[in-house]
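J.: below are the sequence and a predicted model for it; my questions follow.
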Amino acid sequence: MKVLGISFGRLNQRSDVMVKEALFAAKSAGAEVEFINTVRLNIGHCRACDYCSRCRDKGDTQIHCCMKDDYHILEEACLDADGIIIGAPVYAVGIVGQFKNFVDRFGPSHDRAALLEENKKREAEGKPLLDPRYFKDRYTGYISVGGAQTHNWVSLGLPMLDLFSFSFCMKCVGHVDAYDQGRTGHPLLDSELMKKCGELGNAVAQSLGKPYEEVDTWVGDEGVCPVCHNPLLSINKTTDVECPVCGIWGKLSIEGTKVHINWPKEEIARARNTTPGIYEHYNEIQNMIKVCVPKLTANQAAIKQQMEKYIHFDQTIKEM
């Protein structure tokens with residue numbers, strides 16, 4: 001079974017070193033490993049053209065993006081992997097943009113709920129099923145790399161990396177928050193940090209091939225959310241709080257000087273990276289379509305007429 005390591009940082013610099021350290025440990029644990037650095041790959045942003053959705057809807061067994069760049073290199077590598085470790089730099093509070101470009105194109109086009117529903121239709125009609133790699137359970141580990149000593153300058157690093165897990169319903173078994181690299185100088189000068197990277201690689205490798213319910217491994221800081229382990233909460237002026245990463249709700253209470261959150265089991269079971277969680281979003285989209293399409297159809301002529309000034313914006317402005 002294979003563990004893929006992806007670095008969105010500079011060649012042979014911090015992200016590379018830490019991801020490779022994790023892969024060394026994964027290899028020692030018996031996994032096959034592969035490493036990809038993306039810094040010289042051309043991965044453009046999603047253009048919302050719906051080509052990938054049309055591939056699915058017209059009966060293709062594989063879903064592809066129409067853009068001719070290097071996106072497919074990462075896509076194929078992820079599909080072939082059983083575990084994925086990603087290391088990426090934080091430039092300004094959140095992860096570097098190339099990572100988001102990849103997630104925007106990879107995630108929605110491989111939404112597990114949509115693919116499961118598509119396969120049900122194909123099976124009923126006796127048509128070729130989708131690539132079985134789309135339905136393989138995978139384990140992930142994340143490494144956020146930041147130079148800032150002050151943690152709030154890297155605070156969205158790990159939460160953003162978690163965006164990768166949702167559509168494919170992957171389970172994260174650990175993360176490393178490698179900030180303060182500006183003073184560390186080089187990760188090899190921090191033996192404790194390198195140990196954490198090794199533990200992350202080992203955790204991913206040891207989880208491969210096991211059902212999600214049999215794996216309760218976590219490597220890294222505990223955070224406040226029992227699913228993503230990030231220290232973020234959305235507070236809605238009541239004791240109800242939500243993990244903005246996983247979308248699950250809990251009850252906040254204060255015991256002395258400590259904040260405690262009770263996360264119900266049924267909420268944990270509907271986190272975004274679970275099949276029930278991804279189906280919630282799928283059903284939400286289907287209901288949106290039912291409401292939106294009739295509305296657009298009924299107002300098609302009026303919208304077309306009113307859109308003229310927006311389409312010909314420059315001319316409209318000149319005439320004002």
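T.: Ah, there it is.
J.: identify the residues contacting the nearest residue to residue 215 once chain neighbours are set aside.
T.: Among residues not flanking residue 215 along the chain, residue 207 sits closest, at 4.9 Å (CB to CB, 6 or more residues apart in numbering). Any C-beta I mention is one placed from the backbone N, CA and C, and that applies to glycine too. By CB atoms under 8 Å, 6 or more residues apart in numbering, residue 207 lies in contact with 83, 139, 171, 173, 215, 217.
J.: separation between the residue lying closest to residue 239 once chain neighbours are set aside and residue 130?
T.: Spatial nearest neighbour of residue 239, chain neighbours left out: residue 252 (4.8 Å); criterion: CB to CB, 6+ apart. The gap separating residue 252 from residue 130 is 42 Å, by CB to CB, to the nearest Å.
J.: those two - which one has more neighbours?
T.: Higher neighbour count among residue 252 and residue 130: residue 130, with 20 against 15, using other CB atoms under 10 Å.
J.: give me the distance between the more buried one and residue 104.
T.: Residue 130 is 21 Å from residue 104, by CB to CB.
J.: can you tell me the average pLDDT over stretch 178-192?
T.: Averaged across stretch 178-192, pLDDT comes to 96.
J.: alpha carbons of that stretch, as CSV, please.
T.: C-alpha atoms of stretch 178-192 as CSV (Å, rounded to 0.1, in the frame of the first residue of the first chain):
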residue,chain,number,x,y,z
ALA,A,178,5.6,23.8,12.2
TYR,A,179,5.5,27.5,12.8
ASP,A,180,8.4,29.7,14.2
GLN,A,181,10.6,28.5,11.4
GLY,A,182,12.1,31.9,11.1
ARG,A,183,13.9,31.5,14.4
THR,A,184,14.4,27.7,14.1
GLY,A,185,16.5,28.3,11.0
HIS,A,186,16.1,24.8,9.6
PRO,A,187,13.9,21.9,10.6
LEU,A,188,16.9,19.6,11.0
LEU,A,189,18.0,21.8,13.9
ASP,A,190,14.8,20.9,15.8
SER,A,191,15.0,17.2,16.7
GLU,A,192,11.6,17.3,18.4
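J.: list of residues touching it?
T.: Outside stretch 178-192, the residues within contact range by CB under 8 Å, 6+ apart are 14, 17-18, 21, 90, 143-149, 151, 153-154, 157, 193-194, 197.
J.: quick one on the thing from earlier: look up how far residue 312 lies from the residue nearest to residue 215.
T.: Distance from residue 207 to residue 312, by CB to CB: 56 Å.
J.: and the closest residue to residue 92 other than its chain neighbours, how many residues sit next to it?
T.: Using CB to CB, 6+ apart and skipping residues adjacent in sequence, the residue nearest residue 92 is residue 153, 7.7 Å away. By the criterion of other CB under 10 Å, residue 153 has 17 neighbours.
J.: pLDDT on stretch 272-288, on average?
T.: For stretch 272-288, the mean confidence score works out to 95.
J.: buried residues in it?
T.: Across stretch 272-288, burial judged by 16 or more other CB atoms under 10 Å covers 272, 273, 274, 277, 278, 279, 281, 282.
J.: between which two of those residues is the distance greatest?
T.: Farthest-apart pair in the buried residues of stretch 272-288 is 273 and 282; separation 13.9 Å (CB to CB).
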